[in-house]
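**Q** Just a sequence and a predicted model for now, questions to come.
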Amino acid sequence: MNAIDRLIIEQQPYLKALARNIAKTLPHHVEYDELVAFGQIGLTEAANAFDPRRGVSFTTFAHYRVRGAIFDGLRKMTWLPPAARRTVVEQSAADELVQVSIADIQLGGKEATPAKLSK
């Protein structure tokens, strides 16, 4: 096993943790495994470009490449242009706010918590 393969294998837990953190910020229909696959591309590119003589840890060097590869993959998954994508996100947030407000009214002005909403 060469040094590049070893770096890629050693960094799998970091890649998965980064993908998990990004997944928390995305809609539920985006699959974690897809994020890991996108990140794997960035990790491989980082491993191939890494020069340990520069005095930077591989994790630091790879972080933005892995993260960038995940977001590049997400952008390629959608056919919506950025402005339309922002509109969808804003509309989704507004819809959620309306649902909480309606639930709040239905609970007689009491705070709508997830436990109360599930009843």
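**A** It's in. Numbering: from 1, shown residues only.

**Q** Low-confidence stretches in this protein?
**A** 79-80, 85, 88, 99-119 (pLDDT under 70).

**Q** How about the contacts made by the residue nearest the centre of it?
**A** Using Cα atoms, centre = their mean, the residue of the chain that lies closest to the mean C-alpha position is Ile22, 2.3 Å off. Taking Cβ atoms under 8 Å, 6 or more residues apart in numbering, we find Ile22 in contact with Leu35, Arg67, Ile70, Phe71. (Each C-beta comes from the backbone N, C-alpha and C, glycine too.)

**Q** Would you mind pointing out the helix or strand it falls in?
**A** Using DSSP states H and E, Ile22 sits within helix 12-23.

**Q** Just the CA trace of the helix or strand following that helix, in PDB.
**A** The helix or strand immediately downstream of helix 12-23 is helix 32-49, counting by DSSP H and E. C-alpha atoms of helix 32-49 as PDB (Å, rounded to 0.1, in the frame of the first residue of the first chain):
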ATOM      1  CA  TYR A  32     -25.500  10.600   3.600                       C
ATOM      2  CA  ASP A  33     -23.900   8.000   1.400                       C
ATOM      3  CA  GLU A  34     -24.000  10.400  -1.600                       C
ATOM      4  CA  LEU A  35     -22.200  13.000   0.500                       C
ATOM      5  CA  VAL A  36     -19.500  10.500   1.500                       C
ATOM      6  CA  ALA A  37     -19.100   9.600  -2.200                       C
ATOM      7  CA  PHE A  38     -18.700  13.200  -3.200                       C
ATOM      8  CA  GLY A  39     -16.300  13.700  -0.300                       C
ATOM      9  CA  GLN A  40     -14.300  10.700  -1.400                       C
ATOM     10  CA  ILE A  41     -13.500  12.500  -4.700                       C
ATOM     11  CA  GLY A  42     -12.200  15.500  -2.800                       C
ATOM     12  CA  LEU A  43     -10.200  13.300  -0.400                       C
ATOM     13  CA  THR A  44      -8.600  11.500  -3.300                       C
ATOM     14  CA  GLU A  45      -7.700  14.700  -5.000                       C
ATOM     15  CA  ALA A  46      -6.200  16.100  -1.800                       C
ATOM     16  CA  ALA A  47      -4.200  12.900  -1.200                       C
ATOM     17  CA  ASN A  48      -2.800  13.200  -4.700                       C
ATOM     18  CA  ALA A  49      -1.900  16.800  -4.300                       C
END
